[in-house]
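no sequence for this one, just the structure:
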C-alpha cells in the first residue's frame, strides 16, 4: 500500500485532471492549507460527504484509505463523469461566493462589490448556457460546406432562371408597363402575405375562443355540481365527490400525464434528431436498413438460444415474477380503462347538465300562469299517453341496440373469417386495401375539386393580366421600337466586348505562363542558393574542426610527443617510398628481357602444340 503522502498526491493528481489549477506538490504545501483547498474543491464538484464533516476532514488530512478511495472512484468512475466534473469545476470556480463576515457587508463599497459580483455571475450563467446551446447545435463543418455548395448551386440556377425570365418579359413588355406590372405583383404579394397573417391570427383567435368556451363549460359544470351537492344538504356526498375528483386528478398528474409527456418527449427527441441530421441519401437508407436487419437477426438468434438453453421445468422465481408482472400490467390496463370510462361518463354528465340547464332556462322563459282544474287533468292525460309511447319506443331502442351489438360481433367474426380466407388464398389485406383505396379516391376527389377551383381562380387572374398586357402593349409600341434600336446597339457593343475580352484573356494567359516560368526559375535558384549555403556552412565547420586539430597538434604539452610520433611515421614512409622506387627501377629494367622470354615461351608452346597435332594425325592414319 501507498503511504498517506503518496495517496494525497494521487488524489491531488486526479483533481488536477479535472481542474489544472489544482496542480501542486502536497509535500511543499502546509497540511491545513491543503485540507482546506481539497475540501473547497470537493464542495465545488458537489461531492456528498458520507460521514461527519469533522471526521471526514481529519481523515482527509491523515490520508486514510476509507476517505480517499471513494473520492477517487467518484471522480474517475467513467469518462462521462470526468467530463461532467470538469464542467462543474469550471462553472463552480466562477460561481463560488467569497466567504466574508456579516459585519463587513455594512460597508457600502463591499456591498457594491458584492452586488457587482452577483450581476457578473448571472451574466456568466447566461453566457455559459448560450455557449453550451451553440456547441450542442453546431454541426460538422464538412456537412455545412456541402450544404453551402448545394445552396450556392441552387442560387446560381435561380439567378439564371430569373435573368432568363426577365429577358423574356422585357422582350414582350417594357418601360412603364413593366414597372406597373411589377408594382401590381408586389402589391399582390403583400396582400397575400397580409391575408396569410390574418388567417393565422384568425386561427389563433378561434383556438383561444375554443379554449375559453371549454374553460367556461368546465367551470359552469363544476358550479352546477357544487350547487347540486350543496342543495342536497349532505356534506358527506360533497366530501366523497371531492375525494373521487382528487384521486382521479392524482392519477392523471402522477401516472397518466407523465407517461403521455414521456412519450411525446421521446417522439420530439426523435424528430429533433432527424431534423438535426443531414439529408440522407438512398445509400444511407439502405445502410440503415441493413443494420436493422442485422440487429433483427441477432435478436432472433439470441431468442432461439435462450429458448434452447432454458430449463424445461422452469424457474419458479422467474415464473412468479412474470406472473406478478402480467398481473400488474392487467391491473394498470384495467385502471386505464376505468379512468377512460370515468372521463367519458363525466363528459356525458356535463353534456346532460348543460342540456338540462338550457331546457330549464327555456321552461322559465315560456312559463306562464299556473295550471288549474281541467288543465291539470288534460296535462296529466297527455303526459300519461306520451309515457306509454316513450316506454314502447325505449323498448324498441333497446332491442335495436342489442341487435346492433350482435351485428357488430357478427361483423367482427365475418371480418376475421374473411382475413383467414384471404390469407389462405394468398391475398391477405385485400379488404383493408380496398377500404384504403376508397378513402384515397374520396380524398383525391376532394383535392381535384379544390384544384379545379384554384385553376379557375388562376385562369381568371391570368385573363385579367393578359387583358392589361394587351392594353399596355398598344401604349408601349413606340417605346418598344426605341428599345429594339437600343438592343441592336447593345448587341454590337456586346460583340465588341466579347472580342476584347478574348484578347484580354489571351494576354492574361501569356502573362500567367511567363509568371509561372519565372516562379519556377526563382524556386530553382532559391534551392541552389540554399544548397550552396548549406555547403558553405559545412565547409566552414570542417575548417574549424581542422583548425582545432592543428592547434591541438602545435600547442600544448603533448605536441612534442605527437611531432616525434608523426616524424617517425613520415621517416618510415620515406624509407618505404625509397625501397619501392628501387624495386620499381629493377622491375622496369627487367621488363624487356622478361618480355622476350615470354615471347619465346609462347613460340615454344605453339611448336609443341603443332607436334602433338601431327603425332595424333599419324596415329590415326
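Sure thing, it's come through. Quick caveat, the model's predicted, so the values are computed rather than measured.

Distance-wise, check residue 49 relative to residue 273.
39 Å (C-beta to C-beta, to the nearest Å). No exception for glycine: its C-beta is placed from N, CA and C like everyone else's.

cool, and residue 405?
Taking C-beta to C-beta, one finds residue 405 at 46 Å from residue 273.

More neighbours: which of residue 49 and residue 273?
More crowded of residue 49 and residue 273, by other C-beta atoms under 10 Å: residue 49, with 15 against 9.

which SS state does the more buried one fall under?
coil (DSSP: H, G, I helix; E, B strand; the rest coil).

check contacts around it.
By C-beta atoms under 8 Å, 6 or more residues apart in numbering, the contact set of residue 49 is 42, 56.

Look at residue 38 and say how many residues are nearby.
For residue 38, using other C-beta under 10 Å, the count is 21.

Which helix or which strand is home to it?
helix 31-44 (DSSP states H and E).

Give me the residues contacting that helix.
8, 11-12, 15, 19, 22, 24, 26, 29, 49, 57, 60-61, 71, 88-89, 92-93, 96.

Determine how far it lies from the middle of the whole chain.
Centroid separation between helix 31-44 and its chain, computed with C-alpha atoms, centre = their mean, to the nearest Å, is 39 Å.

helix or strand right after that helix?
Following helix 31-44 toward the C-terminus (DSSP H and E): helix 53-62.

Point out the other helices and strands that that following helix packs with.
helix 31-44, helix 65-75 (3 or more C-beta pairs under 8 Å, 6 or more residues apart in numbering; DSSP states H and E).

and the helix or strand containing residue 505, what's its mean pLDDT?
When elements are assigned from DSSP H and E, residue 505 belongs to helix 477-554. Helix 477-554 comes out with an average pLDDT of 83.

tell me which strands and helices it is in contact with?
helix 559-589.

how far does the helix it packs on sit from the chain's center?
Taking mean C-alpha positions (C-alpha atoms, centre = their mean), helix 559-589 and its chain are 88 Å apart.

For it, enumerate the helices and strands it packs against.
Using 3+ C-beta pairs under 8 Å, 6+ apart: helix 559-589 touches helix 477-554.

pLDDT averaged over the helix or strand residue 286 falls within - what is it?
Under the criterion of DSSP H and E, residue 286 resides in helix 282-309. For helix 282-309, mean pLDDT is 76.

List the buried residues of that helix.
Residues of helix 282-309 classed as buried by neighbour count (16 or more other C-beta atoms under 10 Å): none.

Check stretch 54-71 too.
56-57, 59-61, 63, 67-68, 71.

Please apply the same query to stretch 82-97.
85, 88-89, 92.

Among the residues you listed, which lie within helices?
Of the buried residues of stretch 82-97, the ones assigned to helices by DSSP state H are 85, 88-89, 92.

Among these, which one lies nearest to residue 518?
residue 89 (58.5 Å; C-beta to C-beta).

Now for that closest one: which residues touch it?
Counting by C-beta under 8 Å, 6+ apart, residue 89 makes contact with 18-19, 41, 44-45.

Try it again at 6 Å.
When contacts are counted by C-beta atoms under 6 Å, 6 or more residues apart in numbering, residue 89 is found next to 18-19, 44-45.

Give me the nearest residue to it, chain neighbours excluded.
The shortest distance from residue 89 to any non-neighbouring residue, by C-beta to C-beta, 6 or more residues apart in numbering, is to residue 19 (4.4 Å).

State the phi and psi torsions of the one you found.
phi -140, psi 110 (degrees, to the nearest 10).

How about residue 96?
Residue torsions, per degrees, to the nearest 10, at residue 96 are phi -70, psi 140.

What distance do you get for the residue nearest to it when sequence neighbours are not counted to residue 262?
The shortest distance from residue 96 to any non-neighbouring residue, by C-beta to C-beta, 6+ apart, is to residue 44 (6.1 Å). Separation of residue 44 from residue 262 (C-beta to C-beta): 33 Å.

out of these two, which sits in the busier spot?
The neighbour count for residue 44 versus residue 262, taken as other C-beta under 10 Å, is higher for residue 44 (19 against 10).

Compare the contacts of residue 89 and tell me which is most surrounded.
Result: residue 18 is most packed of the contacts of residue 89 (other C-beta under 10 Å), 22 neighbours.

Against residue 67, how distant is it?
In terms of C-beta to C-beta, residue 18 sits 18 Å off from residue 67.

Kindly report the same for residue 403.
In terms of C-beta to C-beta, residue 403 sits 80 Å off from residue 67.

just residue 588 next, same as before
101 Å.

For residue 247, grab the count of nearby residues.
Residues within reach of residue 247, counting by other C-beta under 10 Å, total 11.

Spit out the contact partners of it.
Taking C-beta under 6 Å, 6+ apart as the definition, residue 247 has no contacts.

repeat that with 10 Å
residue 339 (C-beta atoms under 10 Å, 6 or more residues apart in numbering).

buried ones in stretch 108-127?
Within stretch 108-127, the residues that count as buried by 16+ other C-beta under 10 Å are residue 114.

I'd like the distance from it to the chain centre, please.
35 Å.

Pretty sure residue 476 sits against residue 177.
Yes: between residue 476 and residue 177 there is a contact under C-beta atoms under 10 Å: 5.0 Å.

The buried residues of stretch 54-71 into a markdown table, with extra columns for distance to residue 124 and pLDDT?
Below are the buried residues of stretch 54-71 laid out as a markdown table (distance: C-beta to C-beta, whole Å; pLDDT from 0 to 100):
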| residue | distance to residue 124 | pLDDT |
| --- | --- | --- |
| 56 | 30 | 85 |
| 57 | 30 | 84 |
| 59 | 34 | 84 |
| 60 | 30 | 84 |
| 61 | 33 | 84 |
| 63 | 35 | 82 |
| 67 | 32 | 84 |
| 68 | 32 | 84 |
| 71 | 27 | 86 |
